[in-house]
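> What follows is a predicted protein model with its sequence.
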Amino acid sequence: MAKKFEELLAWQKSITLTKEIYQKFSFLKDYSFKDQIQRAAVSIPNNIAEGFERGTRKDFRNFLFIARGSCGEVRNLVYIAKELKYLDNKYFEDINKKCEEISKILYGLIKSLEK
């Protein structure tokens, strides 16, 4: 197990995703949508970090579930962004793939904490 949350691949990848979401939607005039997708994105690494720092397997696992839920929220919002023409297909596919990857990594971490 990692000694600090910064070593976790899920945290690293979610930081990259968050940065991309913030950059991509920074100029969007639909402020409520922009706020929602940015909050959902930043929630992923925040919950990984908070759960890790709680120091118990049970707490960490619970926060990983929350992070995974936020990852699903980002994926859903990316679908909406595509429908609203805020994203082109290429960017949609890229972000969707990254979210799926992070979700799988989080699922693996959750399962490893059940043992």
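All right, it came through fine.

> which residues in the protein form helices?
9-25, 31-54, 57-83, 89-113 (DSSP state H).

> So for residue 2, which of those sits nearest?
Residue 2 lies closest, by CB to CB, to one member of the helices of the chain: helix 31-54, at 7.7 Å. Glycine gets a C-beta too; all of them are placed from N, C-alpha and C.

> Just the buried residues of that closest one, please?
The neighbour-count check on helix 31-54 (16 or more other CB atoms under 10 Å) flags 33-34, 36-38, 40-52 as buried.

> counting contacts, what elements does that helix pack onto?
helix 9-25, helix 57-83 (3 or more CB pairs under 8 Å, 6 or more residues apart in numbering; DSSP states H and E).

> Same list, these, but as CSV with mean pLDDT, distance to residue 90 and mean neighbour count please.
As requested, the helices and strands packed on helix 31-54 are exported to CSV (pLDDT from 0 to 100; distance: least, CB to CB, whole Å; neighbours: other CB atoms under 10 Å):
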stretch, mean pLDDT, distance to residue 90, mean neighbour count
helix 9-25, 97, 12, 18
helix 57-83, 97, 11, 18
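
> got those as a markdown table, with distance to residue 99 columns?
Listed next are the helices and strands packed on helix 31-54 as a markdown table, based on distance: least, CB to CB, whole Å:
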| stretch | distance to residue 99 |
| --- | --- |
| helix 9-25 | 7 |
| helix 57-83 | 4 |
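
> who wins for proximity to residue 112 among the ones you listed?
Taking CB to CB, helix 57-83 is the member of the helices and strands packed on helix 31-54 nearest to residue 112, at 9.4 Å.

> list the helices and strands the closest one packs on?
The contact analysis (3+ CB pairs under 8 Å, 6+ apart) places helix 57-83 against helix 9-25, helix 31-54, helix 89-113.

> what's the angle between it and helix 9-25?
Here helix 57-83 runs at an angle of 30 degrees relative to helix 9-25 (axes from the mean of the first three to the mean of the last three CA atoms, to 10 degrees).

> relative to helix 89-113, how tilted is helix 57-83?
Using the same axes, to 10 degrees: helix 57-83 against helix 89-113 is 170 degrees.

> angle of helix 57-83 against helix 31-54?
Angle of helix 57-83 versus helix 31-54, following the same axes, to 10 degrees, is 160 degrees.
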